[in-house]
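**Q** Below: sequence and its predicted model.
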Amino acid sequence: MTDIKKVALRGTTQDHLPIEDITENMVILKDGSAAYILETPAVNFDLLSEKEQEAMIYAYGSLLNSLSFPIQILIRSSLKNIGGYLRLLQVQEQRQKSPQIKKLIVSYRKFVDDLVQRNEVLTKAFYVTIPFSVFELGIQSARAGFASIFSFRPHPQKAALPLPKETLIQRAKANLEPKRDQLIHAFGRLGLRIRQLDTRQLINLFYQIYNEEAPGIKNFELADFVSPVTLRKK
């Protein structure tokens with residue numbers, strides 16, 4: 001019984017996350033896999049005409065058929081924090097000299113505040129993940145293929161990466177960069193300007209995923225970190 005307690009105390013939530021490191025605008029997993037993550041804006045499909053909808057569907061189908069490599073598509077919904085917007089309205093209300101416009105701002109601010117209290121305002125973000133598996137290096141002893149980087153599953157034993165991290169980064173870049181460029185060009189045909197997340201944005205994304213109650217860590221410099229950012233999941 002004593003041994004079991006000792007093992008439990010040595011474990012941390014980091015052991016249950018698939019991420020080994022986030023660096024060089026890339027996510028590196030514990031099994032040696034890696035990935036680029038790209039963010040794409042949304043399209044209000046319902047506002048398109050029937051012909052535009054058909055053209056969009058055809059173009060999207062052509063995009064998928066043109067791919068010679070796997071991708072992951074994630075749609076993430078989260079609560080919208082409009083506290084900053086309400087504060088902005090208060091500032092504009094105080095600055096406004098016209099009584100009529102000021103009254104309209106007050107009415108609108110109260111409407112928004114009441115709407116948020118009665119309903120959950122959600123925001124959606126769309127991501128495309130380009131995976132790189134260690135199997136593509138010809139490593140037969142790899143523990144597993146590419147697992148979803150957004151998964152939450154146990155990793156009870158932290159094994160060493162199959163190759164030095166610098167070597168993995170170099171080879172992953174050579175594999176992922178042409179695929180990234182192909183996707184950017186393909187999504188451009190849909191009228192979507194897809195962009196790759198950099199290291200700072202990746203850290204913030206995963207911090208928010210694993211700390212849903214936190215507002216994020218947008219205002220930081222990578223040089224400020226002397227130890228790894230702690231990600232935790234309830």
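**A** Alright, I've got the coordinates. Numbers count the residues shown, from 1 in each chain.
**Q** which element is residue 166 on?
**A** Taking DSSP states H and E as the criterion, residue 166 maps to helix 165-189.
**Q** For that helix, buried residues please.
**A** Across helix 165-189, burial judged by 16 or more other Cβ atoms under 10 Å covers 168-169, 171-173, 175-176, 179-180, 182-184, 186-187. For the C-beta atoms, the positions are set from N, CA and C on the backbone; glycine is no exception.
**Q** list the helices and strands that helix packs on?
**A** For helix 165-189, the packing partners by 3 or more Cβ pairs under 8 Å, 6 or more residues apart in numbering; DSSP states H and E come out as strand 26-29, strand 34-40, helix 50-66, strand 122-132.
**Q** Quick one: mean pLDDT over the first one.
**A** Averaging the model's pLDDT scores along strand 26-29 yields 92.
**Q** which residues does the residue sitting nearest the centre point of the chain contact?
**A** Nearest to the mean C-alpha position of the chain, by Cα atoms, centre = their mean, lies residue 205 at 4.6 Å. Taking Cβ atoms under 8 Å, 6 or more residues apart in numbering, we find residue 205 in contact with 37, 127, 197.
**Q** That one belongs to a strand?
**A** No: using DSSP: H, G, I helix; E, B strand; the rest coil, the assignment for residue 205 is helix, not a strand.
**Q** any idea how far residue 39 is from it?
**A** 9 Å (Cβ to Cβ, to the nearest Å).
**Q** if we take the buried residues of helix 165-189, which one ends up nearest to residue 90?
**A** Distance to residue 90 across those (Cβ to Cβ) is lowest for residue 187, with 38.9 Å.
**Q** picking that back up, in a markdown table: the buried residues of helix 165-189, plus pLDDT and distance to residue 210.
**A** Output for the buried residues of helix 165-189, formatted as a markdown table (pLDDT from 0 to 100; distance: Cβ to Cβ, whole Å):
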| residue | pLDDT | distance to residue 210 |
| --- | --- | --- |
| 168 | 89 | 23 |
| 169 | 92 | 23 |
| 171 | 92 | 28 |
| 172 | 93 | 23 |
| 173 | 94 | 26 |
| 175 | 94 | 27 |
| 176 | 95 | 24 |
| 179 | 95 | 26 |
| 180 | 95 | 25 |
| 182 | 93 | 30 |
| 183 | 93 | 26 |
| 184 | 93 | 28 |
| 186 | 90 | 31 |
| 187 | 91 | 27 |
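**Q** sorry, back to before: among the helices and strands packed on helix 165-189, which is the most enclosed?
**A** Each of the helices and strands packed on helix 165-189 was scored by mean neighbour count; the highest is strand 26-29, a mean of 24, by mean count of other Cβ atoms under 10 Å.
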